[in-house]
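**Student:** next comes the sequence, and after it the predicted model I'd like to discuss.
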Amino acid sequence: MKQDFKFWVLMRLVLTLALVGSSASVQAQRQVAARTSGKDKSVRMNVLFITVDDLNTALGSYGHPLVKSPNIDRLATKGVRFDRAYCQFPLCNPSRASFMTGRRPDTTRVFRNQTHFREALPDVVTLPQIFTRQGYFAARVGKLYHYGVPLQIGTSGMDDPVSWQVAINPRGRDRDELDHVINFVPAIRNIGGSLTLLEGRGADEEQTDGRVAAETIRLIEENKDRPFFIAAGFYQPHVPSLIMKKYVDTYPLAKINLPVEPPTHHAMVPPIALAVKTPHYGVEPEKLRRMKQAYFSAVSFVDNQIGRVLDTLDRLKLADNTIVVLFGDHGWLLGEHGQWQKQSLFEESARVPLIIYAPKAKGNGRVSRRTVELVDLYPTLAELCNVSAPTGYEGTSLRPLLANPKMAWRRAAYTMVQRSVEGKPVFGRSVRTERYRYTEWDEGRQGTELYDHQTDPHEYRNLAGDSKFVETVAVLKRLLRANSPPNLPAKESKNEKP
């Protein structure tokens, strides 16, 4: 009898545990269903944060006539595409330190690729940190903070370990075959800072960015049932720009053209504004066209890897509960003004592509032509996800523009760069409004620039010395000299509205 009694007690316990487990399983399934359907208002939004190294606006969704970027373009169609988005410093480390901390370069004190932002801001709370403090899983794959490309691929570089719970540094076949790099400017030995390309061998999945996509997909799959902030840092089209045959074949050299510009427009530009002193590095046009072809090919390659990640959100039914941000860390010149690469304050260097998809945002599927900055991402994501951001950030939340991309938005964008003059650092500072760009070098001592984008979108005519624009220069000078980005003035002179 005692044995029978023990047997029934044991069976009852097993049955009870099974029922509890079944109930918990059902409850978990309901939570996942609510999470994916959006019915549970308490469920927190995920964030997929995609940054693409050296990506400019040469994209189909930004109106480029040749570049094929179908996956980025479909995200732009789904979310809000910002037509006038600007970096705060057109160089990898200063830009990334800025948008990851929500502070401008004057606050981070990062003006070079060799300086870590924690030297000046040891206790700053970074963007992923504000999410981990709210219980999110935070991880990165690839380049989010700075490290040198291509030689430091596969390392942590200048990462910030406290920002992440998991950090992955993929290394692909492209990194291991750098002996095949073609350098069109041999005088520049740094193949990550010259005009270089690499003919890729093997499949997409074998390349570093193919592995960035694969690891990002794995992290999303493993963490789909809890709130996450997953950052994917793609390396292409950063030089050496990767040529994969199936992509480069879509860009015949016969269709690749170099900019045709007024031959004398450099005469009105302060010499310090030109990072490349010898136009086009003195490289012959045929090689320049090959470099441009390689850049376009690399954009299409990385677009395909991004598409794999975006498809994962759809497959796992996370698209309706995941905010997706995609942008370039700064622009990249492709021969405009005789310049290549970055570290310039011309439009092509300061302007970046920026796309934000926030599920159920009323502005989705539209374009915003308001002037915004990468430093705005910090408060924007904090507000969208209802996580507490510490005080001290210097951007402005873009949430109102996600609801109404055409709303009144009287804010300017600020970009700066550093030069060396006689061994001393000199700054160039630029302010961009919807109509004008105004730039001062060494507070004007080394020259000034004013461009009217309404009549001169390529910045060929420097109007800084034109008497007709004295009042416009005065207004923009006040904006530039302000300690913090102010609102534009409520009233401006007739026909000279910044």
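**Tutor:** The structure has been received and is ready for your questions. Numbers count the residues shown, from 1 in each chain.
**Student:** for the chain, which spans come out with low pLDDT?
**Tutor:** Applying pLDDT under 70 to the chain picks out residues 1-43, 483-498.
**Student:** domains in it, by residue range?
**Tutor:** Domains of the chain are assigned by automatic domain parsing as 46-401, 413-481.
**Student:** deepest in the core, which of the ones you listed is it.
**Tutor:** Sort these by mean neighbour count, taking mean count of other C-beta atoms under 10 Å, and domain 46-401 sits at the top with a mean of 20. Every C-beta, even on glycine, is put in place using the N, C-alpha and C of the backbone.
**Student:** how far does that domain sit from the chain's center?
**Tutor:** Domain 46-401 sits 4 Å away from the centroid of its parent chain (C-alpha atoms, centre = their mean, to the nearest Å).
**Student:** show me where the stretch 151-300 of the chain has strands.
**Tutor:** With DSSP state E, counting those that start in this stretch as the criterion, the stretch 151-300 of the chain has strands at 166-168, 181-183, 196-199, 228-234, 241-243.
**Student:** just to revisit the earlier point, next, format the domains of the chain as CSV and append distance to residue 407.
**Tutor:** What follows is the domains of the chain, written out as CSV (distance: least, C-beta to C-beta, whole Å):
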stretch, distance to residue 407
domain 46-401, 6
domain 413-481, 13
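**Student:** distance to residue 68 added to the strands of the stretch 151-300 of the chain, as CSV?
**Tutor:** Output for these, formatted as CSV (distance: least, C-beta to C-beta, whole Å):
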stretch, distance to residue 68
strand 166-168, 28
strand 181-183, 23
strand 196-199, 18
strand 228-234, 17
strand 241-243, 15
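**Student:** closest to residue 142 out of those strands?
**Tutor:** strand 228-234 (3.7 Å; C-beta to C-beta).
**Student:** which parts of this protein are helices?
**Tutor:** Using DSSP state H, the helices of the chain run over 2-37, 70-78, 92-101, 105-108, 127-132, 173-176, 208-222, 245-248, 285-315, 347-350, 377-384, 399-403, 470-481.
**Student:** for residue 368, which residues are in contact?
**Tutor:** By C-beta atoms under 8 Å, 6 or more residues apart in numbering, the residues touching residue 368 are 80, 81, 82, 83, 401, 405, 406.
**Student:** the first one and residue 367, how far apart?
**Tutor:** So that's residue 80. With distances taken as C-beta to C-beta, to the nearest Å, residue 80 is found 7 Å from residue 367.
**Student:** please apply the same query to the third one.
**Tutor:** From residue 82 over to residue 367 the distance is 8 Å, taken as C-beta to C-beta.
**Student:** picking that back up, which one, of the strands of the stretch 151-300 of the chain, ends up nearest to residue 132?
**Tutor:** Across the strands of the stretch 151-300 of the chain, residue 132 has its closest neighbour in strand 228-234 (7.6 Å, C-beta to C-beta).
**Student:** mind listing residues that contact the closest one?
**Tutor:** The contact list for strand 228-234 (C-beta under 8 Å, 6+ apart) reads 46-53, 127-128, 131-132, 136-144, 209, 212-213, 216, 219-220, 223, 302, 305-306, 309.
**Student:** relative to helix 285-315, how tilted is that strand?
**Tutor:** Angle, strand 228-234 to helix 285-315, by axes from the mean of the first three to the mean of the last three C-alpha atoms, to 10 degrees: 160 degrees.
**Student:** re the thing from before, quick one: common contacting residues for residue 80 and residue 367?
**Tutor:** Here residue 80 and residue 367 have residue 405 as joint contacts, going by C-beta under 8 Å, 6+ apart.
**Student:** related to what we said a few turns ago, of the helices of the chain, which is nearest residue 254?
**Tutor:** Counting by C-beta to C-beta, residue 254 lies closest to helix 285-315 out of the helices of the chain; the figure is 9.3 Å.
**Student:** name the helices or strands packed onto the closest one?
**Tutor:** Applying 3 or more C-beta pairs under 8 Å, 6 or more residues apart in numbering; DSSP states H and E, we find helix 285-315 packed against strand 46-52, helix 70-78, strand 196-199, helix 208-222, strand 228-234, strand 241-243, helix 245-248, strand 322-328.
**Student:** could you take these and lay them out as a markdown table, with extra columns for distance to residue 257?
**Tutor:** Shown next, in a markdown table, are the helices and strands packed on helix 285-315 (distance: least, C-beta to C-beta, whole Å):
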| stretch | distance to residue 257 |
| --- | --- |
| strand 46-52 | 24 |
| helix 70-78 | 22 |
| strand 196-199 | 18 |
| helix 208-222 | 27 |
| strand 228-234 | 27 |
| strand 241-243 | 18 |
| helix 245-248 | 17 |
| strand 322-328 | 22 |
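**Student:** which stretch among these comes nearest residue 185?
**Tutor:** strand 196-199 (8.2 Å).
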